[in-house]
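Asker: Based on what follows, work out the 3D shape:
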Amino acid sequence: MKSLQSLLLAVTLLTPGCFLLKPVNNDRKVKPVMPKTASTHPGAEQTGTDRVSMLDQQLDCPDDMSVQPGARRLDTRKAPSDRGRRQFAAYHQTPPTREFFVSAKDTVDKIVKMEKKQPTLLPAGFRQRLLDEPRNAELRLHVARCELDDDLTRRRASYDAAMALLLGADKDDAMDLLVESTKNGSKQRYITTCRPGSKCPQDQSCDPVHRECISGTKKKVIMVSATEFEMEHQLSRGLLRSVFASRNYDDNDLVWWAYTRVHRCGGAVPIMCKFSKYNHGGRTEMVHWDLRNGGR
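Answerer: Residues are numbered from 1 along each chain as shown. Predicted coordinates for the structure are as follows:
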């Protein structure tokens, strides 16, 4: 048998146009490796069934998803320029201290209290159910999915996704909604600079102050009311604790909340900040960033 295999090998190597095929392993002791179901989030338990993303699920949504959070006058973008400014928030460019963070329970309690005090923060079609069952994680997921479909509630979808996560909902389901409403919230993948009168891509117009082309969706999702500002601050304190504790800034989708949602960072009058990567003390950290500093 061995001499026959040797002869066949020699013929194959000497025959033009022929190539060697990888031998098939017929050893029954070697079990084939079965492909694993891909998971959106690192560390998630693998299952043998395909998972349907919350974004692809068809849910029943009320016709009336209107909210009344108060006047949305606060722009959550960095200032177009910080020329002439010499002083920023006390915590500007510094990592958050341990006192910044609170427990998931405390965060949920504060948000529920705010919603009870101002029910019009909640979408009209879900309002009574949320007031009756504010700690229902599955309900929060349902509401967040419906909020994504309307530009006026698309930013708020991240609040309900965050609440669902804090309440113990399925992590993959909650993160599907949170990433879509933060990282992809404006439905505008690239930022195009412009000058007044210059042309922008289709369905976008030039913002003369920030000198960037901006979509209709982005015009709505970048603005918040004072109450929404406070809600984002409270949710940041409970949601981001694990990110900062692990210092895992590159492989954790929660950083999209840190990059896109605002929080208070010092001052008698609340100063609006986001978190940003920055070289602090010789190493890359996530730091408070005063939005009045538009130099970065």
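
Asker: Need phi/psi at the residue lying closest to R241 once chain neighbours are set aside.
Answerer: In this structure, R241 finds its nearest non-sequential neighbour in F101, 4.2 Å apart by CB to CB, 6 or more residues apart in numbering. Where C-beta positions appear, they are placed from N, C-alpha and C, glycine not excepted. Main-chain torsions, F101, degrees, to the nearest 10: phi -90, psi 150.

Asker: Report how many residues lie close to F101.
Answerer: Residues lying near F101 (other CB atoms under 10 Å) number 19.

Asker: Kindly report the same for the one 5 residues further on.
Answerer: A count of nearby residues for D106, using other CB under 10 Å, gives 14.

Asker: That one is in what secondary structure piece?
Answerer: helix 104-117 (DSSP states H and E).

Asker: quick one: buried residues of that helix?
Answerer: A104, T107, V108, D109, K110, I111, E115 (16 or more other CB atoms under 10 Å).

Asker: quick one, what contacts the closest residue to the second one other than its chain neighbours?
Answerer: In space, not counting the residues next to it along the chain, T107 is nearest to G238; the distance is 2.7 Å by CB to CB, 6+ apart. Going by CB atoms under 8 Å, 6 or more residues apart in numbering, G238 touches F101, V102, S103, A104, D106, T107, V108, L166.

Asker: same check, this time on L148
Answerer: With the criterion set at CB under 8 Å, 6+ apart, L148 makes contact with L55, R154, A157, L177, E180, S181.

Asker: Touching, the fifth one and L55? I think so.
Answerer: Yes. Taking contacts as CB atoms under 8 Å, E180 lies within contact range of L55: 5.9 Å.

Asker: So which of these two has more stuff around it?
Answerer: E180 (22 against 13).

Asker: pLDDT value on the more buried one, please?
Answerer: E180 carries a pLDDT value of 95.

Asker: just checking, next helix/strand downstream of the host helix or strand of it?
Answerer: Using DSSP H and E, E180 sits within helix 171-182. Per DSSP H and E, the first helix or strand lying C-terminal to helix 171-182 is strand 204-207.

Asker: Give me the helices and strands touching that next one, please.
Answerer: strand 212-215 (3 or more CB pairs under 8 Å, 6 or more residues apart in numbering; DSSP states H and E).

Asker: and the strand it packs on, how far out from the chain's middle?
Answerer: Mean-position distance between strand 212-215 and its chain equals 21 Å (CA atoms, centre = their mean, to the nearest Å).

Asker: what does the average pLDDT come to for it?
Answerer: The average pLDDT within strand 212-215 is 94.

Asker: on that earlier part again, quick one: the buried residues of helix 104-117 as CSV, columns for pLDDT and distance to T227 too.
Answerer: CSV is the format used below for those (pLDDT from 0 to 100; distance: CB to CB, whole Å):
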residue, pLDDT, distance to T227
A104, 97, 21
T107, 98, 16
V108, 98, 17
D109, 98, 17
K110, 98, 12
I111, 98, 11
E115, 98, 10
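
Asker: Out of those residues, which is nearest to S186?
Answerer: The closest of the buried residues of helix 104-117 to S186 turns out to be I111 (CB to CB; 23.5 Å).

Asker: can I get the contacts of G238 in a markdown table with distance to C273?
Answerer: Formatted as a markdown table, the contacts of G238 follow (distance: CB to CB, whole Å):
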| residue | distance to C273 |
| --- | --- |
| F101 | 15 |
| V102 | 17 |
| S103 | 22 |
| A104 | 22 |
| D106 | 21 |
| T107 | 18 |
| V108 | 23 |
| L166 | 21 |
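
Asker: For K199, give its distance to S205.
Answerer: Distance, K199 to S205, by CB to CB, to the nearest Å: 10 Å.

Asker: neighbour-wise, which of those two wins?
Answerer: Applying other CB under 10 Å to K199 and S205 shows that S205 carries more neighbours, namely 14 against 11.

Asker: okay, now the nearest residue to the more buried one once chain neighbours are set aside: neighbour count?
Answerer: Closest residue in space to S205, ignoring its immediate chain neighbours: I214 at 6.4 Å, by CB to CB, 6+ apart. By the measure other CB under 10 Å, the count of residues near I214 is 20.
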